[in-house]
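J.: Build me a structure from this.
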Amino acid sequence: MLGLDRGLHHERTKPSDISTNMHKANLLRLVIETLDPLPADRKCFRVVNGVLVERTVKDVLPTLKTNSDGLKQVLEDMLKQYKSKQ
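T.: Sure thing, here's the model as predicted:
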């Protein structure tokens with residue numbers, strides 16, 4: 001019975017995991033769209049391991065784009081996996 005409960009719980013949490021990651025992807029997209037037109041030497045701030053650090057747009061933007069691309073790939077994989085289980 002415990003194995004069945006885990007399976008049902010897994011099916012219930014999957015859409016919420018997808019939704020959470022979609023929300024994160026949208027937030028990343030908004031930040032990228034906001035920073036993209038700014039001068040590369042403009043000061044910005046980022047939280048790294050719980051610490052607020054000062055950086056420039058040229059330092060932060062490539063990392064944000066890499067994170068966004070990775071998250072999009074994870075989302076695609078999650079959606080494929082979820083659809084295959086239905």
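
J.: after the helix or strand bottoming out on mean pLDDT in the chain comes which helix or strand?
T.: For the chain, using mean pLDDT, DSSP states H and E, the weakest element among its helices and strands is helix 2-35, scoring a mean of 78. As assigned by DSSP states H and E, the chain's next helix or strand after helix 2-35 is strand 43-48.

J.: Export that following strand to PDB, keeping only CA atoms.
T.: The C-alpha coordinates for strand 43-48 follow below in PDB (Å, rounded to 0.1, in the frame of the first residue of the first chain):
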ATOM      1  CA  LYS A  43      25.500  48.300 -11.500                       C
ATOM      2  CA  CYS A  44      23.000  45.600 -10.400                       C
ATOM      3  CA  PHE A  45      22.600  43.200  -7.500                       C
ATOM      4  CA  ARG A  46      22.200  39.500  -7.200                       C
ATOM      5  CA  VAL A  47      21.600  37.100  -4.400                       C
ATOM      6  CA  VAL A  48      24.300  34.400  -4.400                       C
END
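
J.: Can you give the distance from that strand to the centre of its chain?
T.: 17 Å (CA atoms, centre = their mean, to the nearest Å).
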